[in-house]
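Peer 1: Build me a structure from this.
(one chain, ligands or ions: 1)
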Amino acid sequence: MLHTQSHDDDTVEPMFGWREMREPIPRWTIPDGELPAAAAAQLIRDELSLDGTPLLNLASFVTTWMEPEADALLAEARNKNFVDQEEYPRTAELERRCVSMIADLFGASNAGTAAVGTSTVGSSEAILLCGLALDRLWRAKRKEDGKSTDHPNIVLGTHVHVCWEKFCRYFGLEPRWIPVSAGAVHLDVEAAAAAVDENTIGAVAVLGNTYTGAFDDVAALAAALDARAAAGGPDVPIHVDAASGGFVAPFAYPDLAWDFRLPRVASINTSGHKYGLVYPGVGWAVWRDAAHLPDELVFHDNYLGNDQITFSLNFSKGAAQVIGQYYNLVRLGRAGYQSIVRNLLDIAGDLEQACEDAGFSVVSEGDALPLVTVGLRQDAPFTAYDVANHLRRRGWIVPAYTLPKSADDVHVLRVVVREGFSRDLLDALMGDAKDSLAELRAHPPSQPAPTVSEHGKVC
Ligand SMILES: Cc1ncc(COP(=O)(O)O)c(C=O)c1O
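Peer 2: Sure, this is the predicted structure:
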């Protein structure tokens with residue numbers, strides 16, 4: 001039988017002989033007719049194969065590998081809407097357990113059903129929610145005191161993630177920027193404490209900044225703010241952005257008090273999809289206690305049949321990632337997270353040494369996140385962006401970027417060491433990095449290098 005149009009018997013007619021396979025895939029408007037499922041899947045898969053390889057994406061903090069058991073669990077949950085708590089009460093229960101475990105990990109004293117927090121799509125949503133809570137607490141206090149609520153501000157370092165700028169812009173807050181310098185990419189706590197006033201809703205500390213992975217000294221910030229309050233100044237709470245450090249510090253540096261052990265810390269966000277080791281996107285917002293989450297922000301509705309409580313920016317979201325987080329917490333336990341984080345930090349240490357040996361100058365500091373940020377030596381006849389481009393040709397995604405605003409004359413490259421980045425991959429990366437440097441030295445680029453990386457963004 002001669003097959004012309006129909007694909008009833010795929011085993012006889014080869015797919016790449018189908019008419020559809022010599023037409024361009026529909027791009028900008030929904031096509032009038034159907035595509036055979038196999039052809040649609042093949043065309044899309046082929047297009048996606050031009051993306052970078054997630055494992056080699058050393059720009060991202062976000063998890064690219066989970067255990068096969070977790071893969072199966074997540075796949076089984078992909079058709080569950082997290083918000084349908086009436087239909088999926090056990091999923092909601094797993095979220096509550098995650099909140100309790102994370103609050104406990106962060107030194108809160110209310111583990112169990114009294115823990116206060118929520119899952120989010122990522123740290124960005126968690127930051128918007130925690131920022132809103134600080135804003136509403138400040139407003140309530142100001143109203144109580146009969147004072148104006150017209151000009152709220154928030155104190156933060158120029159090294160914070162861009163989502164803080166979004167928070168300020170979306171919700172009408174004045175950002176009080178504390179500059180960081182190239183040699184010290186962390187919050188100047190004395191300057192931050194000096195910058196707060198009666199209109200300050202909170203001060204932000206970052207546990208693992210995006211640029212160099214360094215931790216802000218939260219305890220020193222708390223002490224400086226305590227001193228201002230004790231001297232009759234404003235009594236300002238701290239929010240800790242622990243997007244990356246929330247699942248690193250408790251395991252690698254358990255004696256470091258950066259969390260609810262410090263009474264001034266009101267709320268913390270962390271990304272489950274970073275060192276929480278879950279695929280994107282899941283984050284967590286956790287408050288010290290119920291008094292730090294104003295009730296006016298918590299929504300109750302009975303649209304799906306029972307009293308549901310939500311504190312989120314959107315309604316529906318997938319349930320799989322919350323389930324994946326619970327899997328990791330019970331599967332790995334503290335010991336499992338600790339052994340993974342220690343290995344990653346060791347590998348980052350080896351990478352730092354290898355970078356120095358290869359002629360890079362290391363910018364990142366120890367006792368922080370497992371990442372390595374390097375600059376080029378001053379006499380290099382090429383830029384960090386040229387190195388990023390050469391590595392990209394070899395499959396590696398390593399971003400080049402400038403340090404934050406107040407230090408943005410310094411151009412760096414950054415490698416995030418994530419689960420999956422083995423010692424062998426380190427050797428392969430450094431082999432390619434050395435070849436790239438040798439090529440660039442032998443043939444320095446004649447064109448001026450771009451000031452913004454084509455391939456990487458600080459994320
Ligand atoms: C310090 C910091 N805060 C916030 C974010 C935003 O996190 P997410 O991507 O989970 O929304 C990031 C992302 O890298 C980050 O590094």
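
Peer 1: Show me the helices in this structure, by range?
Peer 2: Taking DSSP state H as the criterion, the chain carries its helices at 37-48, 68-76, 89-105, 123-144, 162-171, 189-195, 218-230, 249-252, 320-358, 384-393, 423-442.

Peer 1: Of all the ones you listed, which one is nearest the ligand?
Peer 2: helix 123-144 (3.2 Å; CB to the nearest ligand atom). C-beta: built from backbone N, CA, C; applies to glycine.

Peer 1: Can you name the residues in contact with the closest one?
Peer 2: 118, 120, 148-149, 152, 154, 161, 163-164, 166-167, 170-171, 173, 200-202, 237, 239, 241, 243, 266-271, 274, 283-285, 287, 292-294, 296-297, 311-313 (CB atoms under 8 Å, 6 or more residues apart in numbering).

Peer 1: mean confidence for it?
Peer 2: For helix 123-144, the mean per-residue pLDDT is 98.

Peer 1: how close does the closest residue to Ile268 other than its chain neighbours sit to Ala115?
Peer 2: Using CB to CB, 6 or more residues apart in numbering and skipping residues adjacent in sequence, the residue nearest Ile268 is Val240, 4.7 Å away. Distance of Val240 to Ala115, given as CB to CB, to the nearest Å: 16 Å.

Peer 1: neighbour-wise, which of those two wins?
Peer 2: Val240 (30 against 23; other CB atoms under 10 Å).

Peer 1: show me what contacts the more buried one?
Peer 2: Listed by CB under 8 Å, 6+ apart, the contact set of Val240 reads 204-207, 218, 258-259, 265, 267-269.

Peer 1: Mean neighbour count and distance to the ligand added to the helices of the chain, as CSV?
Peer 2: Converted to CSV, the helices of the chain look like this (neighbours: other CB atoms under 10 Å; distance: least, CB to the nearest ligand atom, whole Å):
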stretch, mean neighbour count, distance to the ligand
helix 37-48, 13, 21
helix 68-76, 13, 17
helix 89-105, 19, 14
helix 123-144, 21, 3
helix 162-171, 16, 5
helix 189-195, 19, 16
helix 218-230, 18, 13
helix 249-252, 23, 13
helix 320-358, 18, 11
helix 384-393, 21, 18
helix 423-442, 15, 21
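
Peer 1: Save these as CSV, and put in distance to Phe16 too.
Peer 2: Shown next, in CSV, are the helices of the chain (distance: least, CB to CB, whole Å):
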stretch, distance to Phe16
helix 37-48, 9
helix 68-76, 29
helix 89-105, 42
helix 123-144, 42
helix 162-171, 44
helix 189-195, 62
helix 218-230, 59
helix 249-252, 50
helix 320-358, 34
helix 384-393, 29
helix 423-442, 33
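
Peer 1: Quick one: closest of those helices to His411.
Peer 2: Of all these, it is helix 384-393 that lies closest to His411, at 4.4 Å by CB to CB.

Peer 1: mean confidence for that closest one?
Peer 2: Here the average pLDDT along helix 384-393 is 96.

Peer 1: Packing partners of it?
Peer 2: strand 371-376, strand 400-402, strand 411-416, helix 423-442 (3 or more CB pairs under 8 Å, 6 or more residues apart in numbering; DSSP states H and E).

Peer 1: can you list contacts of the last one?
Peer 2: Outside helix 423-442, the residues that touch it by CB under 8 Å, 6+ apart are 55, 58, 347, 350-351, 354-355, 358-359, 380-382, 386-387, 390-391, 394, 396, 415.

Peer 1: same thing with the third one?
Peer 2: Under the criterion CB under 8 Å, 6+ apart, residues 58-61, 211-212, 351, 360, 363-364, 369-376, 383-385, 387-388, 398-403, 429, 456, 458 lie in contact with strand 411-416.

Peer 1: Can you give me the pLDDT of Thr4?
Peer 2: 43.

Peer 1: Separate out the buried members of the contacts of helix 123-144.
Peer 2: 118, 120, 152, 154, 161, 163-164, 167, 173, 200-202, 237, 239, 241, 243, 266-271, 274, 283-285, 287, 292-294, 311-312 (16 or more other CB atoms under 10 Å).

Peer 1: tell me the contacts of Val387?
Peer 2: Contacts of Val387 by CB under 8 Å, 6+ apart are 376, 398, 400, 413, 433, 436-437, 440.

Peer 1: go on, Ser316?
Peer 2: Here Ser316 is in contact with 81-83 (CB under 8 Å, 6+ apart).

Peer 1: Quick one: which of those residues is the most crowded by neighbours?
Peer 2: In the contacts of Ser316, the most neighbours by other CB under 10 Å go to Phe82, 23 neighbours.
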